[in-house]
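Colleague: I would like to see how this sequence folds:
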Amino acid sequence: MSSSVRVAVDKDTGVAVVSLDRPEKLNAIDLAMAEELAAVWRAFRFDDSVRAVVLTGAGERAFCTGIDRDAVVPQPPSPYMVDDPLLRVGPKANDLWKPVVAAVQGLACGGAFYLLGESEFVVADTTAAFFDPHTPYGMVSAYESVLMAHRMPYGEVARMMLMGTAERISARRAHEIGLVSELTAPGEALGAALHCAAVIAGYPAQGVQGTVRALWAAKEAGRAPAFAQAPHLIALGNLPAERQAELFAARRPGAFRVR
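Modeller: Down below sits the predicted model:
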């Protein structure tokens, strides 16, 4: 069985590159990829040769477009429980406290925010675009909104989540509001992220990892109670799956503006 996640480790620099490798699906995350990502993060916990990580997506069209629409995720028959396979795809969810730098080109939307939200910072090229597709299809943007509310000003994340597929945030705008820390020319985001990761990997690991943990602790205080509400909001607010599918099938490709 072929892997949907590629990992390359440079033993000289201490930097690992993790690539989402489903370019034909715009690097959408299916259940197999979700399991692979969790396994990669957990394996890095035991590998001292990896001191920093760059996370990127294969191909030029997308970093990641979230959950694969063809993935079948059975849900418990209770409003108090929701199974979300994306909750375990990020490094922090798998107890990895080594720094992760995201390198983004092309689309990053929906479930991609689980990964961006658990990265230390984001480097993007000018082809990058960010949006959230939940609300137009009768779905609550819960976990994604919480994660992005810790990376963007409230008004910006509210606009992105509520405008849905009608609007995309350009790489330039994402840089202006702080979602992206460095903006590069097309095709240069990976190189810039690798440079940052190599610098960080050259520092003593204990200090770096402790700083990562401290930074995340500053976010956890607000994230934990918000995440606790998410399953109930999703259960109450989501349209039935068949109705979501109808809206998705009736979507109008290209009907959006970039700002």
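
Colleague: and the host helix or strand of residue 53, what other elements does it pack with?
Modeller: Assigned by DSSP states H and E, residue 53 falls within strand 52-57. Here strand 52-57 touches strand 15-20, strand 62-64, strand 100-104, helix 189-201, going by 3 or more C-beta pairs under 8 Å, 6 or more residues apart in numbering; DSSP states H and E. The C-beta positions use only the backbone N, C-alpha and C, and glycine is treated the same way.

Colleague: and of these, who's closest to residue 221?
Modeller: Nearest to residue 221 among the helices and strands packed on strand 52-57 is strand 100-104 (20.9 Å), distances taken as C-beta to C-beta.

Colleague: same question for the strand holding residue 53, mean pLDDT?
Modeller: If you average the pLDDT over strand 52-57, you get 98.

Colleague: mind checking which helix or strand of the protein has the lowest mean pLDDT?
Modeller: The helix or strand of the chain with the lowest confidence, counting by mean pLDDT, DSSP states H and E, is helix 241-249 at a mean of 82.

Colleague: in the stretch 151-259 of the chain, which spans are strands?
Modeller: 167-170, 182-184, 257-258 (DSSP state E, counting those that start in this stretch).

Colleague: could I get those as TSV with distance to residue 67?
Modeller: As requested, the strands of the stretch 151-259 of the chain are exported to TSV (distance: least, C-beta to C-beta, whole Å):
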stretch	distance to residue 67
strand 167-170	19
strand 182-184	27
strand 257-258	23
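
Colleague: Adding mean neighbour count and distance to residue 210, write these out as CSV.
Modeller: Supplementary listing: the strands of the stretch 151-259 of the chain in CSV, determined by neighbours: other C-beta atoms under 10 Å; distance: least, C-beta to C-beta, whole Å:
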stretch, mean neighbour count, distance to residue 210
strand 167-170, 20, 33
strand 182-184, 20, 24
strand 257-258, 10, 40
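
Colleague: Next, format the ones you listed as TSV and append distance to residue 220 and mean pLDDT.
Modeller: Shown next, in TSV, are these (distance: least, C-beta to C-beta, whole Å; pLDDT from 0 to 100):
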stretch	distance to residue 220	mean pLDDT
strand 167-170	26	97
strand 182-184	25	98
strand 257-258	33	90
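
Colleague: Of all these, which one is nearest residue 92?
Modeller: Per C-beta to C-beta, nearest to residue 92 of these: strand 182-184, 21.4 Å.

Colleague: Thanks a lot, catch you later.
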